[in-house]
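> Just a sequence and a predicted model for now, questions to come.
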Amino acid sequence: HRVLLPLGMMKNVTAAISDGIYDATKWDIIVFNTCSQFDGMWQDVKKQVGCKLVYDIDDYWYLPKTHPFYSIYGERNKEVEQNIADADLVTVPHETLAIRVRKLNPNVVVLPNALPYGEMQFTETKKQSDKLRIFWAGGLTHENDMKLLKPLTHRLQKYSDKIQMVLGAYCDEPNVKPIW
């Protein structure tokens, strides 16, 4: 979402999305995120291709063991840190993460997360309501973040006739459990 949506929204920009580097001599910039098959080799890729590298990371790379992706990325901390160091530019969604990234690479830009309102699935007409809507969006990897909202929702119960809580990105699959 942080790489694909913005590239798709840019007009008059040629971009390719792939899991490899094909015909790389025609690209000026390679944007990558998290981990890839080129981890530990990005300096060589830069020399061979002659392009700039932009690394996008939207989560702190030291994952707690309770994180759903810990089994995939949990032991790759050093690779992520090397990716950060090798990049010509690192993009992050907020200043708190930028502070951590700057310890490894001073070339950091904060690009806040955003949804392309008015485009794709975000074109719904707003329904008028007297209620204050509180919207939160996040995937299953944010389950522990959602738990932080539980005390807030309990405190807001006395205003339930004035508030509507809207949670996005969850589904009713059998393997998805309700948080409360």
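Right, received. Where do you want to start? Residues are numbered from 1 along each chain as shown.
> quick one, phi psi at the residue nearest in space to the middle of the chain?
Taking CA atoms, centre = their mean as the criterion, Asp58 is the residue nearest the geometric centre of the chain, at 4.3 Å. Per-residue torsions, Asp58: phi -120, psi 0 (degrees, to the nearest 10).
> Then Leu63?
phi -80, psi 140.
> tell me the contacts of it?
Contacts for Leu63 (CB atoms under 8 Å, 6 or more residues apart in numbering) come out as 69-70, 73-74. Using the backbone N, CA and C atoms, a C-beta is placed for each residue, glycine as well.
> List the contacts of the longest helix along the chain.
When the chain is parsed with DSSP state H, its longest helix is helix 143-156. Here helix 143-156 makes contact (CB under 8 Å, 6+ apart) with 64, 66-68, 136, 138, 163, 165, 167, 179-180.
> any idea which of these is the one closest to Met9?
Compare each of these with Met9 using CB to CB and the shortest gap goes to Gly138, at 20.8 Å.
> Skip the chain neighbours and tell me the closest residue to the residue nearest to the centre of the chain.
Sequence neighbours aside, Pro93 is the residue nearest to Asp58 in space, at 5.0 Å (criterion: CB to CB, 6 or more residues apart in numbering).
> Report how many residues lie close to that neighbour.
For Pro93, the number of neighbouring residues by other CB atoms under 10 Å comes to 17.
> That one against Ala114, yeah?
No - assessed by CB atoms under 8 Å, Pro93 is found out of contact with Ala114, at 9.2 Å.
> Find residues that contact each of these two.
Going by CB under 8 Å, 6+ apart, no residue sits against Pro93 while also sitting against Ala114.
> which residues does the closest residue to Pro112 other than its chain neighbours contact?
Of all residues not flanking Pro112 in the chain, Pro93 sits nearest, at 5.7 Å (CB to CB, 6+ apart). Residues near Pro93 by CB under 8 Å, 6+ apart: 2, 58, 110-113.
> all strands of the protein, in order?
Ranges of strands in the chain, per DSSP state E, are 29-33, 52-56, 89-92, 108-110, 132-137, 163-168.
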